[in-house]
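K.L.:
Build me a model from this:
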Amino acid sequence: MRLALILVLLPLPTFADTFAVQAPPVAATVYAQGALVSRNATIALPAGQHTLELRDMDPSLSLEAMDIRLTGAAITSRSWAARPDGPYRAPRTPEWLAAKSTLDAATEALAALDDRIALALASAQAAQDQIQFLNGLTVPDDAATDVNNLRAIGQLIASDGTAARAAMRNAEAEARQLRKDRPDLEFSVAEAQAALDAATPTNTAPATLALNVNVPQPVEAILDLSYITGGVSWAPVYAFDLVDNTSLSIARSAVISQFTNEDWTDIQLTLSTLEPFAQAEPSQLWPQLRRIEDPVQQKRDLLRLQSDSAMGRTEPIIEAPVVAEETAAANFEGIGVTYALPAPVTIKARSEDLQIAFDTLTMDATLSARAIPRFDETAFRLTKITNTSGELLLPGRALLYVDGQLVGSTQVSALPPNAEADIFFGRIDGLRLTRAVLDRNEGDRGIITRSNEETENVRIEVENLTDQAWDVALRDAVPFSEQEDLVIDWSAFPTPDSSAVDDQRGILEWQLSVPAGKTLGISINTRLTWPEDKVLR
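P.N.:
Numbers count the residues shown, from 1 in each chain. All right, here's what the predicted structure looks like:
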């Protein structure tokens, strides 16, 4: 009895309810690969055990990788709840509500016009019925013939019939006039429907995230949800414009690719150069076991290995485990740079690339030309710049312009502040290059030369057909050897300014100043000799 009284005095728990929660994405941080997406919502919850359902989630997301926080209540479990029979209800975003209101107004205007057309046609039908009634009036055979009565009947049919026909024609004319406005209203309805479809988040892969929660007392609970998703990436892109051959305008922007199963509507977007999905710990280093052995045994083991490989059998010869060394690809890691976009953006699910403009930088440029006559017929425009912006220029793709005219594209590397870079801006058709072999003696001709001497005389010319002088860095190559028996002698006139450009032996460079309308020439002579019993490769 006492226990029963205690149970009666205890507060009764609220029955468990299921709440459909609308929590669309509100923010995203996009990395070079992948993104961190955030959602939030405020839910009025009574006390008790309840289930919160987010019915527009991507089923490919990992529950373990989700950071879910509910202020004012405790989450007891989370799971994917399949609801194949549940209808999809698009989130009521401000854009969706505005588009829906526009569609309702357009639909109502079309319906009102159809009502007016129907009323006009009803008036025409009523007049036609009156005409048919008047036409059906007859004088009974047994009625006394009264001229006045007959005259009155005739006048009635004539006057009322005329009025009815006029009313019918007027009603039909009104209906025709009203129908002229119908195509415009139909187009307005179709346009409003298209706008609503565009504002409706795509239900590409509907999945329901179910959160079982314990609410100790009624509360306005705040749900914060964040998770990692793939299928998203971004990359910087540039438009480099060489203006008046003296300055470089750099328009910066970013291209974002979003191939997830969720719409991002008016989200706060941040772009980051960090790589949270890259290798987070150093590679394993293995000890290197080396040994020496008799050359005969080594040859025997090699022949056995080749035989086993040909028969599909392979056995390791080295006793220690062999681990292939990984060569790290060149990439930019830096200290991490983020770009927070000032205004919200919308990116639809599985959308095409979205390009967002940033700003434009201006730097001084020093113009010259580079010529490789061994392969090219013209020289190419070369600019040297120094990054004076104080900001890091990220690696990316760049379109190249000269005074607003597109001349090509290139891939640019990272350029830290105060660093220098060389950027090519297309060919200079007025700087013509020719390279002619005036004399060559290579003995027996073929892939393998069997003579013990080879000579070559080359003539290179740079012709300036433009209306300005050009500083041209012209490069060519002569052979080099690391064998004492292969002797290589070469001479050039004029003497090159460098005989090992970028520490590459045999790469020659001349710094030429070519006046407008002039032609400059270079001569190169080479001679190779080797013993009679050797071949040149």
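
K.L.:
following the strand or helix carrying residue 42, which helix or strand shows up next?
P.N.:
If you go by DSSP states H and E, residue 42 is part of strand 35-45. Where DSSP H and E defines the elements, the next helix or strand beyond strand 35-45 is strand 48-57.

K.L.:
before we move on, back to that, now the angle from the strand holding residue 42 to strand 48-57?
P.N.:
140 degrees (axes from the mean of the first three to the mean of the last three Cα atoms, to 10 degrees).

K.L.:
quick one: buried residues of strand 35-45?
P.N.:
For strand 35-45, a neighbour-count test (16 or more other Cβ atoms under 10 Å) marks 35-39, 41, 43, 45 as buried. (Each C-beta comes from the backbone N, C-alpha and C, glycine too.)

K.L.:
Helix, strand, or coil at residue 194?
P.N.:
Following DSSP: H, G, I helix; E, B strand; the rest coil, residue 194 is assigned to helix.

K.L.:
For it, give me the pLDDT.
P.N.:
Note for residue 194: predicted pLDDT of 87.

K.L.:
Show residues contacting the strand holding residue 42.
P.N.:
For strand 35-45, contacts defined as Cβ atoms under 8 Å, 6 or more residues apart in numbering pick out 19, 21-29, 52, 54, 72-73, 213, 215, 218-229, 232, 260, 262, 264.

K.L.:
same deal with stretch 367-378?
P.N.:
242, 245-246, 379-384, 424, 427-429, 431-435, 460, 462, 470-477.

K.L.:
give me that answer again for 7 Å
P.N.:
245, 379-383, 427-429, 431-435, 460, 462, 470-477 (Cβ atoms under 7 Å, 6 or more residues apart in numbering).

K.L.:
In that stretch, which residues are buried?
P.N.:
Those buried within stretch 367-378 under the rule 16+ other Cβ under 10 Å are 367-373, 378.

K.L.:
Same check on stretch 458-466?
P.N.:
Neighbour-count burial for stretch 458-466 [16+ other Cβ under 10 Å]: 458, 460, 462-464.

K.L.:
In this protein, what residue spans correspond to helices?
P.N.:
For the chain, the helices defined by DSSP state H occupy 2-9, 94-135, 147-179, 182-199, 295-310.

K.L.:
Distance of the spatially most central residue of the chain relative to residue 480?
P.N.:
Centroid-nearest residue in the chain: residue 353, 2.8 Å away (criterion: Cα atoms, centre = their mean). For residue 353, the distance to residue 480 equals 47 Å [Cβ to Cβ, to the nearest Å].

K.L.:
Next: residue 170.
P.N.:
For residue 170 relative to residue 480 (Cβ to Cβ), the value is 103 Å.

K.L.:
the strands in the stretch 351-500 of the chain, which residues?
P.N.:
Remark: strands assigned in the stretch 351-500 of the chain by DSSP state E, counting those that start in this stretch are 354-371, 378-386, 396-402, 405-412, 420-441, 453-464, 470-477, 487-493.

K.L.:
could those be laid out in a markdown table, adding mean pLDDT and distance to residue 191?
P.N.:
Below are those laid out as a markdown table (pLDDT from 0 to 100; distance: least, Cβ to Cβ, whole Å):
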| stretch | mean pLDDT | distance to residue 191 |
| --- | --- | --- |
| strand 354-371 | 91 | 23 |
| strand 378-386 | 94 | 49 |
| strand 396-402 | 93 | 35 |
| strand 405-412 | 92 | 36 |
| strand 420-441 | 91 | 45 |
| strand 453-464 | 92 | 60 |
| strand 470-477 | 94 | 57 |
| strand 487-493 | 91 | 73 |
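
K.L.:
Give me the distance between the residue lying closest to residue 193 once chain neighbours are set aside and residue 95.
P.N.:
Excluding the flanking residues, the one nearest residue 193 by Cβ to Cβ, 6 or more residues apart in numbering is residue 103, at 5.8 Å. For residue 103, the distance to residue 95 equals 13 Å [Cβ to Cβ].
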